[in-house]
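Chemist: predicted model follows, preceded by the sequence.
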Amino acid sequence: GYSSLAYLRQLPMRRLKIDRSFVKELPEQDHSRAIVNAIIALAHELDLEVTAEGVETEAQAAYLVQQSCDVLQGYLFAKPMSSEDFFARVVQPRAESG
């Protein structure tokens, strides 16, 4: 979708997402590293949390964690699932063990 840095001043937000098109080439591509590092630094300066979309490899995850990205999401962790599957996989086991 369309995005603009002007929205950072105009819209109330708590989180900034890094598009998977930038994550896809991490950590190999210099330009992707520069863009991701800049997004994380800018977001943190604005007191925003950062979520990286499309994390598919351990190398991508390690790089993003090293750069202090707050939340990682992608196929490395799980495929998209219904709320019922999420409940059965994550919520219910925690309730049973606690």
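Modeler: Great, that's in hand.
Chemist: doesn't residue 26 fall inside a strand?
Modeler: No: Residue 26 sits outside any strand when classified using DSSP: H, G, I helix; E, B strand; the rest coil, being coil.
Chemist: ramachandran angles for it?
Modeler: Here is the backbone geometry of residue 26 (degrees, to the nearest 10): phi -80, psi 150.
Chemist: and it, what does it touch?
Modeler: Contact analysis of residue 26 by CB atoms under 8 Å, 6 or more residues apart in numbering lists 32, 33, 36, 59, 60, 63, 64. Where you see a C-beta, it was placed from the backbone N, CA and C, and this is true even at glycine.
Chemist: so the last one touches residue 72, yeah?
Modeler: This means residue 64. Yes: counting by CB atoms under 8 Å, residue 64 touches residue 72, with 5.7 Å between them.
Chemist: more neighbours: the two, which one.
Modeler: residue 64 (24 against 19; other CB atoms under 10 Å).
Chemist: mind listing what the more buried one touches?
Modeler: Counted by CB under 8 Å, 6+ apart, residue 64 has contacts 23, 26, 36, 52, 55, 72.
Chemist: tell me how many other residues crowd the closest residue in space to the fifth one that isn't next to it in sequence.
Modeler: Ranked by CB to CB, 6 or more residues apart in numbering and with sequence neighbours excluded, the top spatial neighbour of residue 55 is residue 74, at 3.5 Å. For residue 74, the number of neighbouring residues by other CB under 10 Å comes to 19.
Chemist: what does residue 51 give?
Modeler: 17.
Chemist: leaving out the residues flanking it, which one is nearest to it?
Modeler: Nearest to residue 51 is residue 71, by CB to CB, 6+ apart, at 4.2 Å.
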